[in-house]
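K.L.:
what follows is a protein structure lacking sequence information:
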């Protein structure tokens, strides 16, 4: 349903977007902020889920 409401970008809009993105330069602080936020949002929750699954398996098989 929601996909019907999304409009496709035209070729001109895509070209303008690509030009603007290629002209944009990231500073070291911006790059660090993006990597750090990705670490917090993606890596830590994945590690937490793996840890919980591992502990659950150990608990089920009586290793703990």
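P.N.:
Thanks, I have it. Quick caveat, the model's predicted, so the values are computed rather than measured.

K.L.:
okay, and residue 30 sits in which element?
P.N.:
helix 28-38 (DSSP states H and E).

K.L.:
elements contacting that helix?
P.N.:
Contact analysis of helix 28-38 by 3 or more C-beta pairs under 8 Å, 6 or more residues apart in numbering; DSSP states H and E lists no helix or strand as a packing neighbour. Every C-beta, even on glycine, is put in place using the N, C-alpha and C of the backbone.

K.L.:
average pLDDT across the helix or strand just after that helix?
P.N.:
Using DSSP H and E, the helix or strand that follows helix 28-38 in sequence is helix 44-60. In this model, helix 44-60 has a mean pLDDT of 97.

K.L.:
any buried residues in helix 44-60, and which?
P.N.:
By neighbour count with 16 or more other C-beta atoms under 10 Å, helix 44-60 contains no buried residues.

K.L.:
identify the residues contacting it?
P.N.:
For helix 44-60, the external contacting residues (C-beta atoms under 8 Å, 6 or more residues apart in numbering) are residue 64.

K.L.:
use 820 as the first number from now on
P.N.:
I'll keep to 820 as the first residue from here, and by that count the last item is helix 863-879.
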